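A.B. asks: take a look and give me a structure for this.
(one chain, ligands or ions: 1)
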Amino acid sequence: MRKTRYIFVTGGVASSLGKGVSIASIAALLEAHGFKVTIQKLDPYINIDPGTMSPFQHGEVYVTEDGAETDLDLGYYERFTHANLARENSVSTGQIYYSVIQRERRGEYLGRTVQVIPHITNEIKKRILLLAQKNAELDFVLVEIGGTVGDIESVPFLEAIRQFRLDHGAESTMFIHLTFVPSITKGGEIKTKPTQHSVKELQKQGIQPDILICRTEGHLDSEVKEKISLFCNLAPKRVFSAPDIEHTIYEIPQIFHSEDLDREILQYFRLEGEAEGFLLMNPMLAKWEQVVDVFRSPRRSVKIAVVGKYMALHDAYRSLYEAMTHGGFPQKIAVEFIKIDSEKVEEENYQNLLKDAQGVLVPGGFGERGVEGKLLAIRFARENKIPYFGICLGMQCAVIEFARNVLGFADAHSTEFHPESEHPVISLMEEQAGVINKGGTMRLGAYPAKLSEGSLLLECYRETLIHERHRHRFEFNNKFRKDFEKAGMKLTGLSPDGTLVEAVELERKLHPFFIGTQYHPEFKSKPLKPHPVFTRFIEKSAGL
Ligand code: GLN
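C.D. replies: Residues are numbered from 1 along each chain as shown. Predicted structure coming up:
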């Protein structure tokens, strides 16, 4: 068994500094040096998981292979690394308390008073250790503490990681603090005071950061680093700048590498000798360079209309935008988004709203709001032979639109929205009929699907049996299979037993690229491994 090292990342001064992307970039660098890594997120909120939270509150819900509904940061972790994340990679205060309270009810605390220290903190430490227990090959477990130091909710987590160092020693644990070093006016004098305060706050919890990563406009000069070093009690070489990116977050692994952050981390753990790639140009880093190059000098660009309900918040469809962007990488296509709020799409304006779209995508969603607008956008794409990709609700809407406007079932609908429709082309799975609880009860996680010979999808994947992630309750209604097939909407992806429709597409003689998937392929796309359906969608939209 290997010795696993633990890197804890906390955030200070402000939220939204990019802690998730930073920790994922550090993990990517450690992988580039040949180490096996995983990343865990400890979220201070009381919800068991973000599955029941509005995307406006918390961004998208990211789904893992094993069907956990998790924080969107897990999406960054998977996109930047090869780590296979699962349920135990996402922990919330709610989960911690839930297990402790269940144990208390079973009488397992033998009459003792159940307290934050040690019972809650022990449960947190147990969850951190679980990852290396499940995978003995891990060299590093990186742990992101959600929220900002100073928040009342994060205190038990900070206390748990303080104890963790006591239990496992400084040689196996490192504390990284991501902080903000602003200047009052653009390009003006840099202010270190917020960072000093944030580090003091951490020190009050008994944690001395080993490394500080400072978000700033540019690079910190040595004078500023020395000042921070003096006030925050760590060597100047342990103070790093994280300057604003130029084009893309995929620059960050390289930025950290050029700052020598990876070398410092490995020296701290006395692993520099075991690392690959400090002398030669590291091949993994070269791949990141190619990704960044697409943003610097794209060969062409394409405009994709995304028609959904949560357009005001980019994070609400984060994985989707990332997957479309990755889809442009092989042919160096820059993908631009025309974000259209489906509630604003109406008979009078849809042609105009969509006139510049070279491709149309309707993402997943819940609830009836905006559905009619999505149907109009789909009709526009179908009739004008513009590449269309519908995901989950976007596939269900494509089915409804086809039923109404091609099959002539004017009242066609999903029973999610109109249970009394005479043409319920999308309906509830039987096993879902009696489910009352909202949290974690959908069809979740990876399921296999078989693709039909001659289908567009098979051409994309180049394998008949695929595995993709799901998050939905409703399904294509099998009663209508024949009607759709006959009219040219083919059911080209089925569950291996043939009972569930996983994907539909229009026959090529009807449309050049019109695909709907009941599953969410966006969760599996990575910059170094773009998803084949997104790649094809982007290329077709760009006229390739
Ligand atoms: N609301 C639909 C369902 O539950 C679609 C879900 C989704 O798009 N993720 O089936």
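A.B. asks: what parts of the protein come near the ligand?
C.D. replies: Residues of the chain lying close to the ligand by Cβ under 6 Å from any ligand atom are Gly364, Gly365, Phe366, Cys392, Leu393, Gln396, Glu416, Arg471, His472, Arg473, Phe474. For glycine as for every other residue, the C-beta is placed from the backbone atoms N, C-alpha and C.
A.B. asks: what about Glu159, distance to Gly188?
C.D. replies: 38 Å (Cβ to Cβ, to the nearest Å).
A.B. asks: make that Glu60, sorry
C.D. replies: For Glu60, the distance to Gly188 - Cβ to Cβ - is 36 Å.
A.B. asks: let me know the secondary structure of the residue nearest the centre of the chain.
C.D. replies: Centroid-nearest residue in the chain: Gly75, 2.3 Å away (criterion: Cα atoms, centre = their mean). When classified by DSSP: H, G, I helix; E, B strand; the rest coil, Gly75 comes out as helix.
A.B. asks: ok, and the closest non-adjacent residue to it?
C.D. replies: Take Gly75 and drop its neighbours on the chain: the residue closest to it by Cβ to Cβ, 6 or more residues apart in numbering is Tyr62, 4.4 Å away.
A.B. asks: go ahead and confirm that neighbour touches Leu320.
C.D. replies: No: using Cβ atoms under 8 Å, Tyr62 makes no contact with Leu320, being 11.1 Å away.
A.B. asks: Glu159 and Gly188: which is more packed in?
C.D. replies: Glu159 (19 against 10; other Cβ atoms under 10 Å).
A.B. asks: work out for me the element the closest residue to Leu17 other than its chain neighbours sits within.
C.D. replies: Among residues not flanking Leu17 along the chain, Arg215 sits closest, at 4.9 Å (Cβ to Cβ, 6+ apart). In this structure, Arg215 is located in strand 211-216 according to DSSP states H and E.
A.B. asks: got the angle between the very next helix or strand once past that strand and strand 211-216?
C.D. replies: Per DSSP H and E, the first helix or strand lying C-terminal to strand 211-216 is helix 222-232. With axes from the mean of the first three to the mean of the last three Cα atoms, to 10 degrees applied, the angle from helix 222-232 to strand 211-216 works out at 130 degrees.
A.B. asks: and after helix 222-232, which helix or strand comes next?
C.D. replies: strand 239-243.
A.B. asks: alpha carbons only: can I get that next one in PDB?
C.D. replies: The C-alpha coordinates for strand 239-243 follow below in PDB (Å, rounded to 0.1, in the frame of the first residue of the first chain):
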ATOM      1  CA  VAL A 239       3.400  32.700  -1.500                       C
ATOM      2  CA  PHE A 240       2.100  32.200  -5.100                       C
ATOM      3  CA  SER A 241       0.300  34.400  -7.500                       C
ATOM      4  CA  ALA A 242      -2.800  33.300  -9.400                       C
ATOM      5  CA  PRO A 243      -3.100  36.100 -12.000                       C
END
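A.B. asks: how near is Ile249 to the ligand?
C.D. replies: Distance of Ile249 to the ligand, computed by Cβ to the nearest ligand atom, to the nearest Å: 25 Å.
A.B. asks: to clarify, my last question referred to Phe513.
C.D. replies: 20 Å.
A.B. asks: the bottom helix or strand of the protein by mean pLDDT?
C.D. replies: Ranked by mean pLDDT, DSSP states H and E, the helix or strand of the chain with the weakest confidence is helix 55-58, at a mean of 80.
A.B. asks: on that earlier part again, the residue nearest to Leu17 and Ala242 touch, don't they?
C.D. replies: Yes: using Cβ under 8 Å, Arg215 makes contact with Ala242 at a distance of 4.9 Å.
A.B. asks: is Gly516 bridged to anything, and to what?
C.D. replies: Beta-bridge partners recorded for Gly516 (DSSP bridges): Gly390, Val504.
A.B. asks: neighbours of it, how many?
C.D. replies: 30.
A.B. asks: again with Gln267
C.D. replies: 14.
A.B. asks: out of the residues of the chain next to the ligand, who has the most neighbours?
C.D. replies: Gln396 (29 neighbours).
A.B. asks: okay, that residue: pLDDT?
C.D. replies: pLDDT, Gln396: 97.
A.B. asks: can you tell me the SS state at it?
C.D. replies: helix.
A.B. asks: hmm, Asn477 and it touching each other?
C.D. replies: No: under the criterion of Cβ under 8 Å, Gln396 makes no contact with Asn477, lying 10.2 Å away.
A.B. asks: need the overlap of contacts for these two.
C.D. replies: Ile426 (Cβ atoms under 8 Å, 6 or more residues apart in numbering).
A.B. asks: follow-up on the earlier one: for Phe180, see how far away the residue nearest to Gly75 is.
C.D. replies: 25 Å.
A.B. asks: please compare the two by neighbour count and tell me which comes out ahead.
C.D. replies: Tyr62 (26 against 20).
A.B. asks: coming back round to it: find residues that contact each of Arg215 and Ala242.
C.D. replies: Counting by Cβ under 8 Å, 6+ apart, the residues touching both Arg215 and Ala242 are Gly18, Leu178.
A.B. asks: which of the two has more residues huddled nearby?
C.D. replies: Ala242 (26 against 23).
A.B. asks: dump the residue contacts of that one.
C.D. replies: Contacts of Ala242 by Cβ under 8 Å, 6+ apart are Gly18, Ser22, Leu178, Ile213, Cys214, Arg215, Thr216, Ile252, Ile255, Phe256.
A.B. asks: what's the answer for Glu60, then?
C.D. replies: With the criterion set at Cβ under 8 Å, 6+ apart, Glu60 makes contact with Leu72, Gly75, Asp315, Ala316, Tyr317, Arg318, Ser319, Leu320.
A.B. asks: and Gly218, by the same measure?
C.D. replies: Ser241, Pro243, Asp244.
A.B. asks: give the helix, strand or coil label for the nearest residue to Gln518 once chain neighbours are set aside.
C.D. replies: The shortest distance from Gln518 to any non-neighbouring residue, by Cβ to Cβ, 6+ apart, is to Glu502 (5.0 Å). Recorded secondary structure, Glu502: strand (three-state DSSP).
A.B. asks: next, count neighbours for Glu502.
C.D. replies: The number of residues near Glu502, taken as other Cβ under 10 Å, comes to 26.
A.B. asks: what pairs with the strand holding Arg215, parallel or antiparallel?
C.D. replies: Assessed with DSSP bridges, strand 211-216 is paired to strand 173-180 (parallel), strand 239-243 (parallel).
A.B. asks: what's the least confident stretch among those?
C.D. replies: strand 239-243 (a mean of 93).
A.B. asks: chain center to the helix or strand following it, what's the gap?
C.D. replies: Once strand 239-243 ends, the next helix or strand along the chain (criterion: DSSP H and E) is helix 252-258. Remark: helix 252-258 is offset 21 Å from the chain centroid, using Cα atoms, centre = their mean, to the nearest Å.
A.B. asks: what does helix 252-258 rub up against?
C.D. replies: With Cβ under 8 Å, 6+ apart, helix 252-258 has contacts from 18, 21-22, 25-26, 28-29, 32, 80, 240, 242-243, 245, 262, 285, 288-289, 292.
A.B. asks: weed out the non-buried ones from those.
C.D. replies: Buried by 16 or more other Cβ atoms under 10 Å: 18, 21-22, 25-26, 28-29, 32, 80, 240, 242-243, 262, 285, 288-289, 292, out of those.
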